[in-house]
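Peer 1: Provided below are the primary sequence and the corresponding predicted coordinates.
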Amino acid sequence: MSLIPSFFGNRRSNVFDPFSLDIWDPFEGFPFSTTVANLPSSARETTAIANARIDWKETPEAHVFKVDVPGLKKEEVKVEVEDGRILQISGERSKEQEEKNDKWHRVERSSGKFLRRFRLPENAKLDQVKAAMENGVLTVTVPKEEVKKPEVKAIDISA
């Protein structure tokens with residue numbers, strides 16, 4: 001269940017999640033948005049891909065991040081783990097070269113850089129992070145340490 005209503009862009013993130021480092025823009029998607037409307041066109045191109053869509057799920061074995069990066073090659077995407085258990089996913093989609101004789105009718109595909117950062121929980125095995133890309137979806141798997149169950153020792157009761 002999302003804690004942010006759908007009229008705020010149908011985001012599936014949680015503003016109360018201490019692990020997410022996203023900055024929420026309440027005016028995102030509105031035509032009068034001051035954050036994007038006042039930027040030059042080159043900055044708007046970067047902004048379009050700046051917020052790559054990411055799903056983060058936790059399984060009993062791992063934290064799994066799925067990132068939509070259609071049209072990007074694995075060489076154009078970077079996955080890094082920084083000090084302080086920060087997972088950073090970044091990349092860049094180059095703008096298509098324009099030829100003098102080309103006549104563009106519509107340009108909707110975004111280009112530019114994106115960068116997303118997430119604080120990983122204490123139980124993340126930072127030395128075993130794996131990443132794979134298939135069909136425009138980057139999957140980053142961060143294994144979790146096994147939670148040791150406390151030993152329970154029965155004590156005999158004497159009379």
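Peer 2: In hand now; what should we look at? Numbers count the residues shown, from 1 in each chain.

Peer 1: can you tell me how far Leu126 is from Glu76?
Peer 2: 24 Å (CB to CB, to the nearest Å). (Each C-beta comes from the backbone N, C-alpha and C, glycine too.)

Peer 1: the residue lying closest to Pro60 once chain neighbours are set aside and Leu120, how far apart?
Peer 2: Leaving aside its chain neighbours, Pro60 sits nearest to Lys144 (7.8 Å; criterion: CB to CB, 6 or more residues apart in numbering). From Lys144 over to Leu120 the distance is 10 Å, taken as CB to CB.

Peer 1: shared neighbours, those two?
Peer 2: His63 (CB atoms under 8 Å, 6 or more residues apart in numbering).

Peer 1: next, count neighbours for the residue nearest to Pro60.
Peer 2: For Lys144, the count of nearby residues is 18 (other CB atoms under 10 Å).

Peer 1: repeat for Glu58
Peer 2: Neighbour tally, Glu58, other CB under 10 Å: 13.
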